[in-house]
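K.L.:
sequence unknown, structure follows:
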DNA sequence: CAAGTGATGTTAGATTTTATGACATTAAGT
DNA sequence: ACTTAATGTCATAAAATCTAACATCACTTG
């Protein structure tokens, strides 16, 4: 699934192709970029290169505009979206490090106990207070 | 899955992008086209436009050449491949039309019998000789 | 209503990309 | 050595894109 995401984020399309795929004019596409709604990359010759994700976003923008939202409103939408995603990511990261910490501490136990899993003879196995900070 | 195939066969990439994706020169890409190994479409301005399938095929061609096969040999490979696929398709088509015929005839039975499935009171349900021509 | 603003159209001039065709080169096979 | 297949290189023309500026059009608002 990583490879697919890579492909979708690879900047391979010139603006002419994007115009056809989105039915937008070059003027519109560049304007939305100027407004910060998309960030196409540039090739060595300074030509804008777009990804499939960019195309998707442009189609979204079109829909939002058709629905009466203006560009500031669309910016708001994306601002909130990326904020939510950032929080989600943060939570996931935190969970990962938490379980990492547990695993690492457990490994340490095993080392101290001579490569054996922690047992009741070592200490109270129900005392997890140290790991719940 | 149809949509995916459509995307893969959509001609959206200019030759510059294909050069980067395949690490081939424009000269090579055009030469392979001249030899009939790929058939990119053209846009209104006569520029070649490539699909992801084209890119895949170009990468294949590269591999074949690296393996010592020459272009005639590669043509052979693809000739045989498409021949096999045509046969397969033909078989599938034949199967499809056969079952289609059965379904259609069964519908006709139902109509004649007054929207009821064919029964033994209508005729011998095991007499399928008519459909096996 | 006149003025301001947001979104888009249009145009000009410069730069980049691609197309075609010709000729050159290089490696391999006979 | 001579051919041939695959590729490189170059010149010239056309197409695509860039930037920047000015124009238009529909709304909104004082």
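P.N.:
Sure, I can see it. These numbers come from a predicted model, not from an experiment.

K.L.:
separation between the spatially most central residue of chain A and residue A:79?
P.N.:
Nearest residue to the geometric centre of chain A (CA atoms, centre = their mean): residue A:85, 6.7 Å. The gap separating residue A:85 from residue A:79 is 11 Å, by CB to CB, to the nearest Å. Backbone N, C-alpha and C define where each C-beta goes, glycine included.

K.L.:
so what's residue A:59 up against?
P.N.:
Residues in contact with residue A:59 (CB atoms under 8 Å, 6 or more residues apart in numbering or on different chains) are residue A:22.

K.L.:
let's verify residue A:46: helix, strand, or coil?
P.N.:
Following DSSP: H, G, I helix; E, B strand; the rest coil, we place residue A:46 in the coil state.

K.L.:
can you count the residues close to it?
P.N.:
6 (other CB atoms under 10 Å in any protein chain shown).

K.L.:
any idea how far it is from chain B?
P.N.:
13 Å (CB to the nearest CB, to the nearest Å).

K.L.:
same check, this time on residue A:20
P.N.:
8 Å.

K.L.:
ok, residue A:14 next?
P.N.:
Counting by CB to the nearest CB - residue A:14 and chain B are separated by 5 Å.

K.L.:
what's the closest non-adjacent residue to residue A:42?
P.N.:
For residue A:42, ignoring the flanking residues on the chain, the nearest one in space by CB to CB, 6 or more residues apart in numbering or on different chains is residue A:48 at 6.1 Å.

K.L.:
isn't the one you found right up against residue A:15?
P.N.:
Yes - between residue A:48 and residue A:15 there is a contact at 5.4 Å, judged by CB atoms under 8 Å.

K.L.:
what sits in contact with each of the two?
P.N.:
residue A:30.

K.L.:
poorly predicted segments of chain A, please.
P.N.:
A:96-133 (pLDDT under 70).

K.L.:
just the helices in it please.
P.N.:
For chain A, the helices defined by DSSP state H occupy A:2-9, A:15-22, A:26-34, A:52-66, A:71-112.

K.L.:
ok, and what's touching the second one?
P.N.:
For helix A:15-22, contacts defined as CB under 8 Å, 6+ apart pick out A:13, A:24-26, A:29-30, A:47-48, A:50, A:54-55, A:58-59, A:62, B:12-14, B:43, B:49.

K.L.:
and residue A:40, how many residues sit next to it?
P.N.:
19.

K.L.:
contacts only, for the nearest residue to it once chain neighbours are set aside.
P.N.:
For residue A:40, ignoring the flanking residues on the chain, the nearest one in space by CB to CB, 6+ apart is residue A:48 at 4.3 Å. With contacts defined as CB under 8 Å, 6+ apart, residue A:48 is in contact with A:14-15, A:30, A:33, A:40-42.

K.L.:
so which of the helices of chain A is nearest residue B:1?
P.N.:
In terms of CB to CB, the element of the helices of chain A nearest to residue B:1 is helix A:2-9, at 14.1 Å.

K.L.:
quick one: contacts of that closest one?
P.N.:
A:51-53.

K.L.:
how does it look with 10 Å?
P.N.:
A:51-56, B:52 (CB atoms under 10 Å, 6 or more residues apart in numbering or on different chains).

K.L.:
that helix relative to helix A:52-66, how many degrees between them?
P.N.:
If you take axes from the mean of the first three to the mean of the last three CA atoms, to 10 degrees, helix A:2-9 sits at 60 degrees to helix A:52-66.
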